[in-house]
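> this one's sequence-less:
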């Protein structure tokens with residue numbers, strides 16, 4: 001979801017920029033994704049909430065590259081829609097099948 005259409009920024013604490021800088025410093029600017037996507041160059045640019053929601057503690061934040069952050073966000077969106085990457089939705093039985 002783009003920032004332009006999200007209300008997420010409004011829910012961030014007043015000291016969000018200071019928190020971001022702490023996460024970046026802890027990561028030494030490197031992407032902290034457990035699994036990197038092909039486009040990841042290893043350089044972090046985004047502060048990511050590990051668990052969704054408004055838990056802004058340092059233990060719930062990590063520094064990710066743009067491509068890794070985008071991939072995580074897309075995976076969360078698919079999960080929210082009841083889909084898992086690579087597996088189709090369960091097929092329903094045809095109403096006439098026995």
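Arrived safely. The structure presented is a predicted model; accordingly, all values stated were derived computationally and were not measured.

> and residue 35, helix, strand or coil?
Following DSSP: H, G, I helix; E, B strand; the rest coil, we place residue 35 in the coil state.

> Can you tell me how far it is from residue 20?
If you measure residue 35 against residue 20 using CB to CB, to the nearest Å, the figure is 23 Å. C-beta here means a position set from N, CA and C on the backbone, and glycine is covered the same way.

> more neighbours, these two?
residue 20 (16 against 8; other CB atoms under 10 Å).

> which one is the more buried one nearest to, not counting chain neighbours?
Spatial nearest neighbour of residue 20, chain neighbours left out: residue 47 (4.5 Å); criterion: CB to CB, 6 or more residues apart in numbering.

> Can you tell me the element the nearest residue to residue 64 once chain neighbours are set aside falls in?
Nearest residue to residue 64, sequence neighbours excluded (CB to CB, 6+ apart): residue 48, at 4.6 Å. Assigned by DSSP states H and E, residue 48 belongs to strand 46-49.

> Tell me the helix or strand right after that strand.
Taking DSSP H and E, what comes next after strand 46-49 is strand 61-64.

> Pull up the pairing partners for that next one, direction included.
Strand 61-64 pairs in its sheet with strand 46-49 (antiparallel), by DSSP bridges.

> The helix or strand containing residue 25: which residues count as buried?
Element membership for residue 25 (DSSP H and E) is helix 16-27. Across helix 16-27, burial judged by 16 or more other CB atoms under 10 Å covers 19-20, 23-24, 27.

> Kindly report the same for stretch 39-59.
For stretch 39-59, burial by neighbour count (16+ other CB under 10 Å) applies to 40, 44, 46-49, 56.

> Can you tell me which helices and strands the longest helix belonging to the chain packs against?
Taking DSSP state H as the criterion, the chain has its longest helix at helix 66-80. Packing contacts for helix 66-80, counted by 3 or more CB pairs under 8 Å, 6 or more residues apart in numbering; DSSP states H and E, involve strand 46-49.

> looking only at pLDDT, what's the mean for the strand it packs on?
On average, the pLDDT along strand 46-49 is 96.

> From the chain's centre, how far out is it? Work that out for me.
Its chain's C-alpha centre and that of strand 46-49 lie 7 Å apart, by CA atoms, centre = their mean, to the nearest Å.
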